[in-house]
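*Asks:* Below are the sequence and a predicted model; questions follow.
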Amino acid sequence: MRVCLASTSPARLMLLRQAGIEPETMSPLVDEEAVIAEVEAASGRLDPDAHVLLLAERKAEDVAARLAADDPGFDGIVIGGDSMFALGDEILGKPLLPDVAVARWTDMRGRTGVLHSGHSVIRLTPGAAPTRAHAVAAASVSFAADVTDDEIAAYVATGEPLQVAGAFTVDSLGGAFIERVEGDPSTVVGMSLSTLRRLVRELGVDWPALWNRI
């Protein structure tokens, strides 16, 4: 059973590898900002769950369509994902800039936010129509109140928080500043493995059939 991850996220790739899956990877050709702008112009602002699910679906659909055209013998699943972090009424994506990351961490310490992760799985079978399953998982993340300005500056200087939703990781350097996670911890890494297992089973695939690293 082949697995294609519709993402070049190192965190999602590492997560699947730790779960016994060595996926193929393909970068989705999706203009995320344009997709969201188009939908919100027609329907109004999306809530976090709708936002991450829409982008996860678009990423999986793009890669699945290209695979079906370029590799018609592909027999397996395509996994798309997207994440965003909500702190109160504010939606926090990737900070990208050090000053933004410092401001985020200054505001986040001592508070709890919610990481929303969208999942889209498409089953491709030669000669058959694709089948699909989608879901959103969420996990709350509580940050230590005693994180110092010097610790924030040192963490941001590593570059780690700049390219991740919410400006933090739970499985690397940022983990020391997180006091509690409620929900599937892998959701905070980028994908909920328990959610993926459920979606894969909905499509008629046993999760152990994906193990190719054990």
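*Replies:* Alright, I've got the coordinates. Residues are numbered from 1 along each chain as shown.
*Asks:* My understanding was that T106 contacts Y155; is that so?
*Replies:* No. The pair formed by T106 and Y155 falls short of the contact definition of CB atoms under 8 Å, at 11.6 Å. (Each C-beta comes from the backbone N, C-alpha and C, glycine too.)
*Asks:* Of these two, which one has the most company?
*Replies:* Y155 (22 against 11; other CB atoms under 10 Å).
*Asks:* burial measure for R109, as a count.
*Replies:* A count of neighbours around R109, defined by other CB under 10 Å, yields 17.
*Asks:* what residues are up against it?
*Replies:* When the contact criterion is CB atoms under 8 Å, 6 or more residues apart in numbering, the partners of R109 are 143-147, 152, 177.
*Asks:* ok, so what distance separates it from D171?
*Replies:* Using CB to CB, to the nearest Å, we find R109 at a distance of 19 Å from D171.
*Asks:* Looking at the contacts of R109, which are in strands?
*Replies:* Among these, the members found in strands (DSSP state E) are F143.
*Asks:* Between the contacts of R109, which sits nearest E24?
*Replies:* Proximity to E24 was ranked across those by CB to CB; first place goes to F177, at 34.1 Å.
*Asks:* these two touch, right, the closest one and D146?
*Replies:* No. Applying CB under 8 Å, one finds F177 not in contact with D146, separated by 9.3 Å.
*Asks:* List the buried residues of the helix or strand bottoming out on mean pLDDT in the chain.
*Replies:* Sorting the helices and strands of the chain by mean pLDDT, DSSP states H and E puts strand 90-92 at the bottom, at a mean of 85. Neighbour-count burial for strand 90-92 flags 91-92 (criterion: 16 or more other CB atoms under 10 Å).
*Asks:* That strand pairs with which strands, parallel or anti?
*Replies:* Sheet pairing here is set by DSSP bridges, and for strand 90-92 it gives strand 76-87 (antiparallel).
*Asks:* In three-state terms, label the closest residue to G175 other than its chain neighbours for me.
*Replies:* By the measure of CB to CB, 6 or more residues apart in numbering, the closest residue to G175 outside its immediate chain neighbours is T169, 6.6 Å from it. Using DSSP: H, G, I helix; E, B strand; the rest coil, the three-state assignment for T169 comes out as coil.
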